[in-house]
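Participant: need a 3D model of the sequence below.
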Amino acid sequence: MKTKVEERFSEFFEKWMCQLHEYLQHLRRASEDYRAKTGCECEQELQASVSKVTQHYKDYYTIKWALAHEDVLAFFCPIWISPLENAYSWVTGWKPSAVLKLVNSIRINGILSSSLVELTQEQMRKIEALRVKIRLEEER
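Facilitator: This next block holds a predicted model:
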């Protein structure tokens, strides 16, 4: 079941990818035109295309950052990525247990602005049970 953040980012990501495809097609055409004929007009069009793509990526990270502040866990195992992208995450060393290591480190080091320092025994028991479950899944 998707959370609201996952739903919102999934919708945004799908639209963002479609728009990116259009921008990249336009950028390719502008680049080909620039190579074919040199001129101020072609260079301006190419620069405008590059600016659009750059801004598009900035928008992506702005939205992602904002939504991560609402629900950061949605971005640790994103439902909007393909199975291949998910496999790349694992190959490069990302595993869900990394989140639990981060939680434990913050709790132990007592970072003042963190509510993780004040976890109850029941919450700690649930985290430990989750850690064991994830560890078994990772090993499997």
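Participant: going by residue numbers, what spans are helices in this structure?
Facilitator: For the chain, the helices defined by DSSP state H cover 4-36, 40-70, 83-91, 97-109, 121-139.
Participant: orientation of the second one relative to helix 4-36 in degrees?
Facilitator: The one in question is helix 40-70. Between helix 40-70 and helix 4-36, the angle comes out at 170 degrees (axes from the mean of the first three to the mean of the last three CA atoms, to 10 degrees).
Participant: ok, now the third one?
Facilitator: Comparing the axes of helix 83-91 and helix 4-36 via the same axes, to 10 degrees yields an angle of 100 degrees.
Participant: show me the contacts for Leu46.
Facilitator: Counting by CB atoms under 8 Å, 6 or more residues apart in numbering, Leu46 touches Leu27, Ala30, Ser31, Asp33, Tyr34. Quick note: C-beta positions are derived from backbone N, CA and C, even for glycine.
Participant: low-confidence ranges in the chain?
Facilitator: The model of the chain has pLDDT under 70 over residues 1, 38-40, 110-117.
Participant: circling back to that earlier point, between the helices of the chain, which one is nearest to Cys77?
Facilitator: With CB to CB as the criterion, Cys77 lies closest to helix 83-91 of the helices of the chain, at 7.9 Å.
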